[in-house]
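S.K.: predicted model and sequence follow; I will ask about them next.
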Amino acid sequence: MTTTIFHNPRCSTSRNALALIKASGETPEVVEYLKTPPSREYLVELLNKMQMSPRELMRSKEAVFTELGLDNPEVSDDKLIDAMIDNPILINRPIVVTEKGAVLCRPLERIFEVLANPVAEFTKENGDVIVNPNA
(Lines give C-alpha, C1' and ligand atoms only; values in the text may rest on other atoms or scores of the structure.)
Protein backbone atom coordinates (compact mmCIF):
# COMPACT_ATOMS: atom_id res chain seq x y z
CA MET A 1 0.00 0.00 0.00
CA THR A 2 1.16 3.49 -0.81
CA THR A 3 1.51 6.06 1.94
CA THR A 4 -0.99 8.87 1.38
CA ILE A 5 -0.96 12.29 2.97
CA PHE A 6 -3.91 14.65 2.92
CA HIS A 7 -1.88 17.82 2.67
CA ASN A 8 -2.19 21.57 2.77
CA PRO A 9 1.10 23.14 1.61
CA ARG A 10 0.28 26.35 3.53
CA CYS A 11 0.28 24.43 6.85
CA SER A 12 3.64 23.99 8.58
CA THR A 13 2.52 20.79 10.33
CA SER A 14 1.49 19.36 6.98
CA ARG A 15 4.79 20.38 5.35
CA ASN A 16 6.70 18.81 8.24
CA ALA A 17 4.69 15.59 7.97
CA LEU A 18 5.44 15.36 4.26
CA ALA A 19 9.15 15.98 4.87
CA LEU A 20 9.21 13.37 7.65
CA ILE A 21 7.59 10.79 5.39
CA LYS A 22 10.21 11.46 2.71
CA ALA A 23 13.02 11.37 5.31
CA SER A 24 11.74 7.91 6.27
CA GLY A 25 12.39 6.74 2.70
CA GLU A 26 8.83 6.78 1.42
CA THR A 27 7.41 8.49 -1.64
CA PRO A 28 3.87 9.35 -0.62
CA GLU A 29 0.84 10.06 -2.71
CA VAL A 30 0.13 13.71 -1.90
CA VAL A 31 -3.52 14.71 -1.94
CA GLU A 32 -4.02 18.45 -1.70
CA TYR A 33 -7.42 17.99 -0.16
CA LEU A 34 -8.46 21.63 -0.62
CA LYS A 35 -8.17 21.12 -4.38
CA THR A 36 -9.29 17.47 -4.39
CA PRO A 37 -11.46 16.76 -1.35
CA PRO A 38 -12.18 13.16 -0.42
CA SER A 39 -15.54 11.68 -1.30
CA ARG A 40 -18.07 11.43 1.49
CA GLU A 41 -17.61 7.65 1.55
CA TYR A 42 -13.83 7.92 1.83
CA LEU A 43 -14.06 10.57 4.57
CA VAL A 44 -16.31 8.25 6.57
CA GLU A 45 -13.78 5.43 5.99
CA LEU A 46 -10.94 7.68 7.22
CA LEU A 47 -12.90 8.63 10.33
CA ASN A 48 -13.46 4.94 11.07
CA LYS A 49 -9.78 4.10 10.52
CA MET A 50 -8.72 6.95 12.81
CA GLN A 51 -11.45 6.08 15.34
CA MET A 52 -12.49 9.73 15.38
CA SER A 53 -15.81 11.48 15.35
CA PRO A 54 -16.46 14.08 12.67
CA ARG A 55 -16.37 16.81 15.33
CA GLU A 56 -12.88 15.68 16.43
CA LEU A 57 -11.62 16.07 12.85
CA MET A 58 -13.10 19.54 12.31
CA ARG A 59 -11.07 22.74 12.25
CA SER A 60 -13.23 24.76 14.59
CA LYS A 61 -11.10 27.91 14.22
CA GLU A 62 -12.20 28.44 10.62
CA ALA A 63 -14.73 31.25 10.16
CA VAL A 64 -17.04 28.97 8.16
CA PHE A 65 -17.33 26.68 11.21
CA THR A 66 -19.18 29.38 13.14
CA GLU A 67 -20.94 30.81 10.08
CA LEU A 68 -22.57 27.41 9.43
CA GLY A 69 -23.56 26.99 13.08
CA LEU A 70 -21.34 23.92 13.46
CA ASP A 71 -20.39 25.03 16.96
CA ASN A 72 -23.86 23.88 18.07
CA PRO A 73 -23.27 20.52 19.81
CA GLU A 74 -26.61 19.26 18.49
CA VAL A 75 -25.44 19.31 14.85
CA SER A 76 -25.43 15.66 13.72
CA ASP A 77 -22.38 13.75 12.52
CA ASP A 78 -23.95 13.50 9.07
CA LYS A 79 -24.29 17.30 8.89
CA LEU A 80 -20.68 17.74 10.05
CA ILE A 81 -19.47 15.33 7.37
CA ASP A 82 -21.53 17.15 4.74
CA ALA A 83 -20.01 20.45 5.87
CA MET A 84 -16.47 19.04 5.55
CA ILE A 85 -17.20 17.77 2.04
CA ASP A 86 -18.70 21.10 1.00
CA ASN A 87 -15.98 23.12 2.80
CA PRO A 88 -12.80 21.01 2.88
CA ILE A 89 -11.00 23.76 4.83
CA LEU A 90 -12.93 22.34 7.80
CA ILE A 91 -10.98 19.05 7.59
CA ASN A 92 -8.05 19.09 9.97
CA ARG A 93 -4.68 18.08 8.57
CA PRO A 94 -2.39 16.41 7.91
CA ILE A 95 -3.93 12.97 7.71
CA VAL A 96 -1.50 10.17 6.88
CA VAL A 97 -2.72 6.77 5.70
CA THR A 98 -0.50 3.68 5.43
CA GLU A 99 -0.97 -0.07 5.64
CA LYS A 100 -0.50 0.34 9.42
CA GLY A 101 -3.49 2.66 9.75
CA ALA A 102 -4.51 6.29 9.51
CA VAL A 103 -3.78 9.19 11.86
CA LEU A 104 -4.39 12.88 12.15
CA CYS A 105 -0.84 14.07 12.75
CA ARG A 106 -1.64 16.53 15.51
CA PRO A 107 0.71 16.49 17.21
CA LEU A 108 3.16 15.63 14.44
CA GLU A 109 4.64 12.81 16.54
CA ARG A 110 1.51 10.76 15.83
CA ILE A 111 2.97 10.05 12.39
CA PHE A 112 5.44 7.60 13.95
CA GLU A 113 2.49 5.27 14.66
CA VAL A 114 1.85 4.53 10.99
CA LEU A 115 5.16 4.79 9.11
CA ALA A 116 6.83 1.50 8.16
CA ASN A 117 10.41 2.68 8.78
CA PRO A 118 10.26 6.03 10.56
CA VAL A 119 13.41 7.98 11.28
CA ALA A 120 14.67 8.08 14.88
CA GLU A 121 14.42 11.85 15.01
CA PHE A 122 13.35 14.67 12.76
CA THR A 123 14.12 18.37 12.69
CA LYS A 124 11.05 20.42 11.87
CA GLU A 125 11.28 23.48 9.64
CA ASN A 126 11.34 25.74 12.72
CA GLY A 127 14.39 23.88 14.10
CA ASP A 128 12.56 21.91 16.79
CA VAL A 129 13.55 18.25 16.97
CA ILE A 130 11.00 15.50 17.52
CA VAL A 131 12.07 12.03 18.59
CA ASN A 132 10.48 8.75 17.59
CA PRO A 133 9.53 7.16 20.94
CA ASN A 134 9.87 3.69 19.40
CA ALA A 135 13.38 4.15 17.98
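M.R.: Great, that's in hand.
S.K.: from here on, contacts and neighbour counts on C-alpha atoms
M.R.: Noted.
S.K.: what about the helices in the chain?
M.R.: 12-23, 40-50, 54-57, 63-67, 77-86 (DSSP state H).
S.K.: check the offset of the fourth one from the chain's centre.
M.R.: Translated: helix 63-67. Chain-centre distance of helix 63-67: 20 Å, with CA atoms, centre = their mean, to the nearest Å.
S.K.: tell me which residues are up against that helix.
M.R.: 59, 60, 71, 90 (CA atoms under 8 Å, 6 or more residues apart in numbering).
S.K.: farthest-apart pair in those residues, please.
M.R.: Within the contacts of helix 63-67, 71 and 90 form the most distant pair, 12.1 Å apart (CA to CA).
S.K.: shared neighbours of these two, which are they?
M.R.: Here residue 71 and residue 90 have 60, 65 as joint contacts, going by CA under 8 Å, 6+ apart.
S.K.: neighbour count: those two, which is higher?
M.R.: Of the pair residue 71 and residue 90, residue 90 is the one with more neighbours under other CA atoms under 10 Å, namely 23 against 12.
S.K.: list the contacts for the more buried one?
M.R.: Here residue 90 is in contact with 58, 59, 60, 62, 64, 65, 83, 84 (CA under 8 Å, 6+ apart).
S.K.: can you turn the buried part of those into a PyMOL selection?
M.R.: Selection of buried members from these for PyMOL, criterion 16 or more other CA atoms under 10 Å:
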select buried, resi 58+59+60+65+83+84
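S.K.: tell me the one of the contacts of residue 90 nearest residue 40?
M.R.: residue 84 (8.8 Å).
S.K.: against residue 107, how distant is the closest one?
M.R.: Plainly put, residue 84 is 21 Å away from residue 107 if you go by CA to CA, to the nearest Å.
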